[in-house]
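Engineer: For reference, the sequence and a predicted model appear below.
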Amino acid sequence: MDVVDANKEVVRSFYSEAINSRDTYACERWLSRGFVHNGVKRGREGQREVVASFLAAFEPLRHEILLLLGEDDLVAAHQRWTGRQVGEFLGCVASGREISFTSTAVLKIAGGEIVQAWDEMDSAAIVAQMAPGATAEAGSGR
């Protein structure tokens, strides 16, 4: 397995364990101690808290990688997220609605760990789905 393929496997493993298996301690296994997210140093513990709050907001939260590209030490993942909102998310109280959205992350890998991530998602489309009368199609990226 070459370095790019190994880096892709790190990303696949992290999301599979942290999100689909709901194991926040995947942050300890797959992230560096000095992990940085969107320019903010969170470290493993800080990102574990963020993942835990995300998991608490959606039950179940399902994650699917739609496209995975790698070059050198960078992996780009275009992803689909779905789940029923059961807790506060983006300032919105639990709606009980099924939410679906896509996001794109670029992750930097060093020594088999994710050291930095840049994420983009359409927060306005997600909030629109959680509003009264909303449907999942509002943020599905379709």
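Structural biologist: Done, it's in. Numbers count the residues shown, from 1 in each chain.
Engineer: Enumerate the strands of this structure by residue range, in sequence order.
Structural biologist: Taking DSSP state E as the criterion, the chain carries its strands at 31-37, 40-41, 58-71, 74-85, 98-110, 113-121.
Engineer: Export those as CSV, with columns for distance to residue 21, mean neighbour count and mean pLDDT.
Structural biologist: (Glycine included, C-beta is placed from N, CA and C.) Formatted as CSV, the strands of the chain follow (distance: least, C-beta to C-beta, whole Å; neighbours: other C-beta atoms under 10 Å; pLDDT from 0 to 100):
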stretch, distance to residue 21, mean neighbour count, mean pLDDT
strand 31-37, 16, 18, 98
strand 40-41, 25, 10, 98
strand 58-71, 10, 14, 96
strand 74-85, 14, 18, 96
strand 98-110, 18, 19, 96
strand 113-121, 17, 17, 97
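Engineer: Those strands into a markdown table, with extra columns for distance to residue 15?
Structural biologist: Formatted as a markdown table, the strands of the chain follow (distance: least, C-beta to C-beta, whole Å):
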| stretch | distance to residue 15 |
| --- | --- |
| strand 31-37 | 12 |
| strand 40-41 | 20 |
| strand 58-71 | 5 |
| strand 74-85 | 7 |
| strand 98-110 | 9 |
| strand 113-121 | 10 |
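Engineer: For residue 14, find the nearest of these.
Structural biologist: Closest of the strands of the chain to residue 14 is strand 113-121, at 6.2 Å (criterion: C-beta to C-beta).
Engineer: report the angle between the axes of the helix ranked longest in the chain and strand 58-71?
Structural biologist: In the chain, taking DSSP state H as the definition, the longest helix is helix 43-57. Between helix 43-57 and strand 58-71, the angle comes out at 130 degrees (axes from the mean of the first three to the mean of the last three C-alpha atoms, to 10 degrees).
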